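1. Requesting a structural model of the entry that follows:
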Amino acid sequence: MQSVIYLFVAFVAVDVFLPGSCVQTIIGLYGETIEVPCNNGNIKPEGIIFTKWKYVKDDGSSGDLLVKQAGKEQETVSATDDYKSRVSISANSSLLISQGSLTDQRVFTCIVVSLTNLVEYPVEVKVYKKPSTPVIKNKAKELENGKLTRLGECVVESANPAADLTWMKNNQSLVDDGKTVIIRSTVTKDPITGLSSSSSSLEYMARKEDVTSQFTCTAKHKIGLNQVSAPETFPIHYPTEKVSLQVVSQSPIREGDDVTLKCQADGNPPPTSFNFNIKGKKVTVTDKNMYTLTGVTRDDSGVYKCSLLDNDVMESTQIVTVSFLDVSLTPTGKVLKKFGENLVVSLEKNASNEATVTWIKDNRKLDKLPDFSQLTYSDAGLYVCNVSIEGIRHSLSFELTVEGVPKITSLTKHRSYDGKHKVLTCEAEGSPKPDVQWSVNGTNDEMSYVNGKATFKLTVVPSKNLTVNCLVTNKLGYDTEDISVFSLFEEDKAKPEKNEDGAEQAKVIVGVVVGLLLAAALVGLIYCLYIKKTRQGSWKTGEKEAGTSEESKKLEENNHKADV
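-> Model (predicted):
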């Protein structure tokens, strides 16, 4: 027993780092409890007498923290400084340091003493703290085109180790080139906490297109994701290089419309006052960029300009065209003409552009206006003339009425399909619409009137041969015509299948046959005369023939044969 005690004292005396021992490094979080493992937690409880934790002080000397003997639940704290209230030991012999701070960045050693051995496990502790969200401070109110200007300062605070800051434009990193981009970064430490604050200033030479650029600052740290500041945009100041004049009124511009002219300049800040040249007259407007012409006429068409107050050379020009359309139609309203008369239609137009003309009669589009040199009843109707240019349309019209004395154009008869009636049809032209009077009574009168043409039908059952008269009248006069109608009963007795139409057809057939016979007789007579003349030959009596005696003899023989 006494030898065991001597061995324990010897182990306690060897309270130094063993040469060549490997130091483990762990990361603790600022403000959190830091757990420092003893041999990575691989401590076997068999044979252990006690576990002891010590640390390296700021001056390099060794200091005791606590000891826990085997078989006892409570450790013994030997520290007398700040660690006295912040250290404890876990079940696996790990050192627990509450409220971790940068002062805890040092080497802690776990000493494990058993009956046969003494082992030390040194652990270096590093304490990290994530920085605050980056913020852009001391921002420029505006940037000037082509001028290097301090844009702002990006700041992150309370970090360990210090955060790295990167400037971004439209999510692309900016690189210090010493001319258009200059970045200066600094790091400061808090004397009490030891935490670091990083700042980075950006000087930037802006361009006009940077008016929509977004600038951000990104903080990178050893722990956690990158943090990005809120995006910032800056107005870019640059002088006016271009002036533009716009006509903001509806198109096309018509007589009587109000026309607004708007002058704009690309400078920033934009000019607020302009000179307008209104057809040679200068008009100055202040604190606005628009000028309105009220109730324009065709005389207001022309060239308009606008320019800067202090630079008339920098101007813009627009041509304003006022559309107009004048139309005159002769005749208009209600027009009354007689059948066969002439109507002259005249359309006069005056327009700012080529006008389109269309004619419509009784809601039907016409390819062209009809020829009215000799009016007919079908020419009557409502004529609408539409004349238009872009944005303007005029409609003019006249209603033509063609009047005339009624005239019968056809008077016919036929037997009905059932053979029991006679149907008389009287067709006439005239306007106003004619009335009809028949000389006999009938039934089922029918009438139609279209484009000055009237059709009247009468159904009768004649018991004897009749002469029927059709009389058509209107306020201008009348016309009459007769037609013979045979009795149905006499036709049935003579030949049931025939009617007077059949008799007339028979007469026509007989006439044709007789004509054919006479034609045949005439052709026969002509043929006979021709044959006789051929036989007689072409020789004339008493004329002296030229030729030989043999030729005369042959000729006589031929004539003799012909007579036979």
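2. in this structure, what spans have low per-residue confidence?
-> Where the chain drops to pLDDT under 70, the residues are 1-21, 444, 489-515, 519-521, 523-564.
3. now the helices: where do they sit in it?
-> 2-13, 488-494, 500-536, 549-563 (DSSP state H).
4. Could you measure from residue 443 over to residue 67?
-> 142 Å (CB to CB, to the nearest Å). Every C-beta, even on glycine, is put in place using the N, C-alpha and C of the backbone.
5. what does residue 54 give?
-> Computed as CB to CB, the residue 54 to residue 67 distance reads 9 Å.
6. Which one of the two is surrounded by more residues?
-> Shown here are residue 54 and residue 67; by other CB atoms under 10 Å, residue 54 has more neighbours (22 against 18).
7. Now do the same contact list for the more buried one.
-> Neighbour list for residue 54: 15, 62-65, 108-109, 111 [criterion: CB atoms under 8 Å, 6 or more residues apart in numbering].
8. what do you get for residue 440?
-> For residue 440, the contact set (CB under 8 Å, 6+ apart) comprises 458, 460, 462, 466, 468.
9. Of these, which belong to strands?
-> Within the contacts of residue 440, residues falling in strands by DSSP state E are 458, 460, 466, 468.
10. Widest-spaced pair of the residues you listed?
-> Greatest spatial distance in these: 458 and 466, 11.9 Å, computed using CB to CB.
11. Compare these two (neighbour count), which wins?
-> Per other CB under 10 Å, whichever of residue 458 and residue 466 has more neighbours is residue 458, with 21 against 17.
12. Quick check: closest non-adjacent residue to that one.
-> Using CB to CB, 6 or more residues apart in numbering and skipping the chain neighbours, the partner closest in space to residue 458 is residue 442 (4.0 Å).
13. Tell me if I'm right that the one you found and residue 462 touch.
-> No: using CB atoms under 8 Å, residue 442 is not in contact with residue 462; the gap is 9.8 Å.
14. contacting residues around the closest residue to residue 302 other than its chain neighbours?
-> Nearest residue to residue 302 in three dimensions, chain neighbours excluded: residue 279, at 4.9 Å (CB to CB, 6+ apart). Going by CB under 8 Å, 6+ apart, residue 279 touches 300, 302-304.
15. Most neighbours among those residues, which one?
-> For the contacts of residue 279, neighbours tallied by other CB under 10 Å; top is residue 304, 21 neighbours.
16. Show me what that residue is bridged to.
-> residue 278, residue 318 (DSSP bridges).
17. for it, what are its contacts?
-> Contacts of residue 304 by CB under 8 Å, 6+ apart are 245, 261, 276-279, 317-320.
18. The strand ranked longest in the chain: how far from the chain's middle?
-> The longest strand of the chain (DSSP E) is strand 392-415. Relative to its chain's centre, strand 392-415 lies at 50 Å (CA atoms, centre = their mean, to the nearest Å).
19. try stretch 293-313
-> Relative to its chain's centre, stretch 293-313 lies at 33 Å (CA atoms, centre = their mean).
20. end to end, how far does that stretch reach?
-> Between the opening and closing residues of stretch 293-313 there is a gap of 24 Å (CA to CA, to the nearest Å).
21. One more: stretch 417-436?
-> Taking CA to CA, the first and last residues of stretch 417-436 lie 25 Å apart.
22. Identify each buried residue in that stretch, please.
-> Using 16 or more other CB atoms under 10 Å as the test for burial, stretch 417-436 gives 421-431, 434, 436.
23. Give me the neighbour count for the nearest residue to residue 222 once chain neighbours are set aside.
-> Nearest residue to residue 222, sequence neighbours excluded (CB to CB, 6+ apart): residue 128, at 6.0 Å. Using other CB under 10 Å, residue 128 has 18 neighbouring residues.
24. Enumerate the beta-bridge partners assigned to residue 128.
-> residue 29.
25. Thank you kindly, that will do.
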